[in-house]
Every structure is written in structure tokens, then in C-alpha cells.
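Q: Have a look at this fold, sequence not included:
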């Protein structure tokens, strides 16, 4: 699906795929976090549905993050030249750290599930483990890493959002407007 040249060369806005991938990732990460933090609350039938939803969305997030990284490295809009050098270094550090810990979280999720000898579920399609069981101590360690890494993701992403709001409302440099979904349609 080709995109107009203005999507890629417009230095004031991110391109449409980048915006869509960004906000889809935000929604899915928040959904995953909410499911993971609350699935122990309800009784078994609802708990099971929440776990299956978490697994399904995890597989979907794997595909989206993979595509997002490929898009970013190839055709995605880069705005770093609009920032001061120190701001650029900080912004790119946060961006790449978020990518790295999101991918680590995904890998930890697969290792935890498959290491316990359980299948992954994608809309009811069961995906068996490609390796054998892990020792209980290793599974506990992976589970703890998965849990605390999720909190790290939410904390860093919250800081990222607060920084965007600071730029928009205090510095008034319109940084947030570059990533808003309606910003793309407003500039035609």
C-alpha cells in the first residue's frame, strides 16, 4: 500500500503508519497491563477468558512491534532533526529503551508460558511450546521479570506521555500534535 510522498517528507508530522502503530501499541500495552494486574480478581471462567485474551493480544502485539520496528528502521518518519541535540539524545534513548523493554516483555511472556509446558492461544488457535519444561525456580524468575518489566514499561511510557504534555503545554513546541491521530487528516 503506497503512501503519498508528503507522508514521508513532512518534517512537522509523523506519517500515518507510524501514528497508527504508536497508538495501537499504547492501547494494547495498557490493555495487557490491566489484564495482567487484574486477572486474579474474578472467578475461574472469567479469569480464564482474561488469560486467553492476554495471550491473544500478546501475539498480536508481537506482530505489531515487529512491524513497527521494521517500519521505523526503513520508511518511518524521523523527527530527531527538529530537536536540540540533548533533547534528541534523551528522546531517542527513551524511544529505543521502550522498544527494547517491550520486546523483552514479549519474549518473557512466551518463555513463561511455554516454559511451563502450556500452549499459547491466538483467537482459540493453540500454539504448542517449541521446547521442554523449565525448572520451577527458572519459571518463577521469568514470571517475576515479566511482572516487574511490565511496571517498568508503564512507568517509562507514563514519563514519555508526561514529557509530550510538557512540550505541548509548557514549551508550546507542538510536539504532541505531531503524533495525534487527527493531525494527519488535518493537514491535507
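A: Sure, I can see it. Note that the structure is predicted; figures quoted are calculated from it, not measured.

Q: can you tell me the helix or strand for residue 174?
A: Using DSSP states H and E, residue 174 falls within no helix or strand.

Q: how close does it get to residue 164?
A: Distance, residue 174 to residue 164, using CB to CB, to the nearest Å: 11 Å. C-beta here means a position set from N, CA and C on the backbone, and glycine is covered the same way.

Q: who has more neighbours, those two?
A: For residue 174 versus residue 164, neighbours defined as other CB atoms under 10 Å are more numerous around residue 164 (17 against 13).

Q: does the more buried one count as helix, strand or coil?
A: Put simply, residue 164 is helix when judged by DSSP: H, G, I helix; E, B strand; the rest coil.

Q: which one is it nearest to, not counting chain neighbours?
A: Among residues not flanking residue 164 along the chain, residue 176 sits closest, at 4.6 Å (CB to CB, 6 or more residues apart in numbering).

Q: same thing with residue 76?
A: residue 18 (4.8 Å).

Q: Just give me the neighbour total for that neighbour.
A: Counted with other CB under 10 Å, residues neighbouring residue 18 total 23.

Q: same deal with residue 137?
A: Counted by other CB under 10 Å, the residues lying close to residue 137 total 8.

Q: Could you say which helix or strand holds it?
A: helix 136-166.

Q: Enumerate the positions of that helix that are buried.
A: Within helix 136-166, the residues scored as buried using 16 or more other CB atoms under 10 Å are 139, 142-143, 145-146, 149-150, 152-154, 157, 160, 163-164.

Q: Mind putting the residues you listed into a markdown table with pLDDT and distance to residue 95?
A: Putting those into a markdown table (pLDDT from 0 to 100; distance: CB to CB, whole Å) gives the following:
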| residue | pLDDT | distance to residue 95 |
| --- | --- | --- |
| 139 | 97 | 31 |
| 142 | 98 | 26 |
| 143 | 97 | 27 |
| 145 | 98 | 22 |
| 146 | 98 | 22 |
| 149 | 98 | 17 |
| 150 | 98 | 19 |
| 152 | 98 | 15 |
| 153 | 98 | 13 |
| 154 | 98 | 16 |
| 157 | 96 | 11 |
| 160 | 93 | 8 |
| 163 | 89 | 11 |
| 164 | 87 | 12 |
